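# give me a 3D structure for the following:
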Amino acid sequence: MTLSPASIRSRAWLLAAVAALSSPALAQQFVGNWEDPGGAGTPTVEFFVSPAGSDITGTGTNANPWRTVSFAVASAAPFIGTSATPAPTPAPVSINVEPGTYDTAAGEMFPISVPAFGVTIETWRPTATGNPAPFDRPSLVGTGFAPNRPLINVDFIGTPGLPPSTIQTLEFSNSREGLRLEPGVLGVPIDIPIGVEVRQNYFHDCFAIALRIDTAADLTARHIVEDNDFGDLVEDLNAIFGWAVREASSGTSSTLYRSNRIQNYEEGIQVLAVNKGIAAPRIFSNFIQLAERSVTLDDCDSLVINNTIAFATDYTGAPALEGLTINGGTFVVSNNILWCPIDPGSPGTPAVDLTINGAVGTLVTNTNEDIPADPAPQFVGGDAHPNAIPTFPVDLHLTSTSPNIAAGTNAEALDPINTVRSVVVGGTIARTDISVDIDLGGRIHRSGLAVEAGAVPLVEIGADEVEFTGADVVFEFGSRIDFPVTATQDRFGHVLGQV
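Numbering: from 1, shown residues only. Below you'll find the model as predicted:
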């Protein structure tokens, strides 16, 4: 990625723009639940993109925005660097994109090449009006199944001294791939962990892989994939014969998959370690439904905790429908609802909730549809298979009478010994990477009875933690729980020297 004279007016103008765009009045215009990558007190360069903007006459300000995300990313090179050149004036950059369509007809050049450090791309609304996520957001629209490329590709390192790059509140559609994370493909690899943050995006009609993650042999990756929607949610429903998420690690990876909603994909999440690599996914509090193979883990060291995996569905005449499949490696599988009854549309196809092939680990307090003694979860949307291809997602939240309420184990969510991965909340030591639910609310609560008995907090089985009122005490952590940042760990519980 290089700059031409037409790509950027002058570095002096850009530096002046930092001061001009730092007005507190602009803060209400940004849609993401998270701060810009630098955090409070860190100067951030702000660029603006709009369907009404121009890459020719625009200046990248909120009053005179550019037209394309491609142009804005190219214009950020002096601050974030390129695949060949480090940034001469390092600073985190926020690219704020107004809702609308961004495609090749508008001048977008896919894939948009983004570094692993220093850039946030997120929704911006010039006014307070508009619909809430997931529908009122910038839509990156590709050109169909071919060519074999993503819409955004995080394919080079950038400037490691900058905060991790963040892709949030965007829509990806009509492309072979939506978003690809493969830092290190371009440029020189580094020996510090890379952690791109992917949040609150809406992926649909990505015909091969919505989110693809590749970790090279000489890299350590600690990505965050949180609060995204994968699969159609609107009237033009399509079942996609590919992956919602596919991750392959030849290096060392520990991706946190938390509070995502995945539906109507042939494959939900697949993570595999290849070429002697290490893959240690943390899969917490997700709704995964209406997939032929919901979660497949190959030779991983996995934590699969408090997920709801439901209604495996036959799209291709598969020999079997699968909920959670673990092939080799090690695992902890705890507090999950695995509810995959036979698909009425394919009554002769077995639906298997849990398959373990050559893997070693522990299974604790899971609800399994294949076990007759396990009660039905009592989802808000019902426990019967919806028997339609494709169909609207079933509401997998728990009803107030669900037997999974306060039935889970605290073994993972509470961690009184390993305090380096925990934080004290209301007198309770809670492991914060686990202790949120599908709605990003608090995972730990005490029922009124438990409080009176002096018992430890109880958690639900499944991704939904029911919020109690009245005499019950609820530990609510706000919209998101973060670890305190220290010299040895980041805000998501990644500990220095650990996978």
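# max-length strand in this structure?
strand 171-186 (DSSP state E).
# show residues contacting the following helix or strand past it.
Helices and strands here follow DSSP states H and E; after strand 171-186, the next one along the chain is strand 197-199. The set of residues external to strand 197-199 that reach it, using Cβ atoms under 8 Å, 6 or more residues apart in numbering, is 32-34, 164-169, 179, 181, 211, 223-228. C-beta: built from backbone N, CA, C; applies to glycine.
# ditto for stretch 323-333
So stretch 323-333 is contacted by 273, 293-305, 309-310, 312, 336, 338-340, 351-364, 366, 412 (Cβ under 8 Å, 6+ apart).
# and with 6 Å instead?
294-304, 309, 312, 338, 340, 353-363 (Cβ atoms under 6 Å, 6 or more residues apart in numbering).
# try stretch 145-160
By Cβ under 6 Å, 6+ apart, stretch 145-160 touches 80-81, 83, 86-87, 90, 110-118, 140, 142, 172, 175-183, 185-187, 190, 192, 196, 207.
# and the strands in the stretch 1-150 of the chain, which stretches?
45-49, 93-97, 100-102, 112-115, 119-123, 138-144 (DSSP state E, counting those that start in this stretch).
# could the ones you listed be laid out in CSV, adding mean pLDDT, mean neighbour count and distance to A279?
Conversion of the strands of the stretch 1-150 of the chain to CSV gives the following (pLDDT from 0 to 100; neighbours: other Cβ atoms under 10 Å; distance: least, Cβ to Cβ, whole Å):
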stretch, mean pLDDT, mean neighbour count, distance to A279
strand 45-49, 94, 26, 35
strand 93-97, 94, 27, 30
strand 100-102, 94, 19, 32
strand 112-115, 94, 26, 23
strand 119-123, 94, 25, 25
strand 138-144, 89, 20, 28
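# R443: which of these is closest?
Set against R443 and scored by Cβ to Cβ, those come closest in strand 119-123, at 26.3 Å.
# which of the helices or strands spans the residue sitting nearest the centre point of the chain?
Per Cα atoms, centre = their mean, the C-alpha nearest to the average position across the chain is that of V225, at 2.2 Å. Using DSSP H and E, V225 sits within strand 224-226.
# partner strands of that strand and their direction?
strand 197-199 (parallel), strand 256-258 (parallel) (DSSP bridges).
# and the ones you listed, which is most packed in?
strand 256-258 (a mean of 26; mean count of other Cβ atoms under 10 Å).
# downstream of that one, the next helix or strand is which one?
strand 261-263.
# buried set for that following strand?
261-263 (16 or more other Cβ atoms under 10 Å).
# what does the very next helix or strand once past that strand rub up against?
Using DSSP H and E, the next helix or strand after strand 261-263 towards the C-terminus is strand 265-273. Applying Cβ under 6 Å, 6+ apart, the contact partners of strand 265-273 are 231, 240-249, 262, 279, 281, 288, 291-300, 315.
# buried members of those into ChimeraX, please.
This is the ChimeraX syntax for the buried subset of these, where burial follows 16+ other Cβ under 10 Å:
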select :231,240,242,243,244,245,246,247,248,249,262,279,281,288,291,292,293,294,295,296,297,298,299,300,315
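# the contacts of strand 265-273 in strands, which ones?
240-249, 262, 279, 288, 293-300.
# which strand residues bridge Y102?
Counting by DSSP bridges, the residues bridging with Y102 are L140.
# from memory A376 sits against A384, does it?
No. Judged on Cβ atoms under 6 Å, A376 makes no contact with A384 at a distance of 9.3 Å.
# tell me which of the two has more neighbours.
A376 (16 against 12; other Cβ atoms under 10 Å).
# skip the chain neighbours and tell me the closest residue to that one.
D383 (4.4 Å; Cβ to Cβ, 6 or more residues apart in numbering).
# go on, I438?
Using Cβ to Cβ, 6+ apart, the nearest residue to I438 is A463, at 4.1 Å.
# returning to what we had before: can I get the strands of the stretch 1-150 of the chain in CSV with distance to T61?
Formatted as CSV, the strands of the stretch 1-150 of the chain follow (distance: least, Cβ to Cβ, whole Å):
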stretch, distance to T61
strand 45-49, 6
strand 93-97, 10
strand 100-102, 17
strand 112-115, 21
strand 119-123, 17
strand 138-144, 17
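# check contacts around the residue nearest to the centre of the chain.
With Cβ under 6 Å, 6+ apart, V225 has these contacts: 198, 257.
# mind checking how far it is from V73?
Computed as Cβ to Cβ, to the nearest Å, the V225 to V73 distance reads 21 Å.
# for D439, same thing?
As for D439, its distance to V73 is 32 Å (criterion: Cβ to Cβ).
# between these two, who's got more neighbours?
V73 (23 against 15).
# how about the nearest residue to the more buried one, chain neighbours excluded?
I112 (5.7 Å).
# quick check: that neighbour vs I95, distance?
10 Å.
# and what of D103?
17 Å.
# next: S302.
In terms of Cβ to Cβ, S302 sits 34 Å off from I95.
# now D433
For D433, the distance to I95 - Cβ to Cβ - is 28 Å.
# next, the angle from the helix or strand where V304 lies to strand 265-273.
Under the criterion of DSSP H and E, V304 resides in strand 293-305. Angle, strand 293-305 to strand 265-273, by axes from the mean of the first three to the mean of the last three Cα atoms, to 10 degrees: 50 degrees.
# each with direction, which strands does the following helix or strand past strand 293-305 pair with?
Once strand 293-305 ends, the next helix or strand along the chain (criterion: DSSP H and E) is strand 308-310. According to DSSP bridges, strand 308-310 has the following sheet partners: strand 287-289 (parallel), strand 337-339 (parallel).
# what mean pLDDT does strand 308-310 have?
Per-region confidence: strand 308-310 scores 98 on mean pLDDT.
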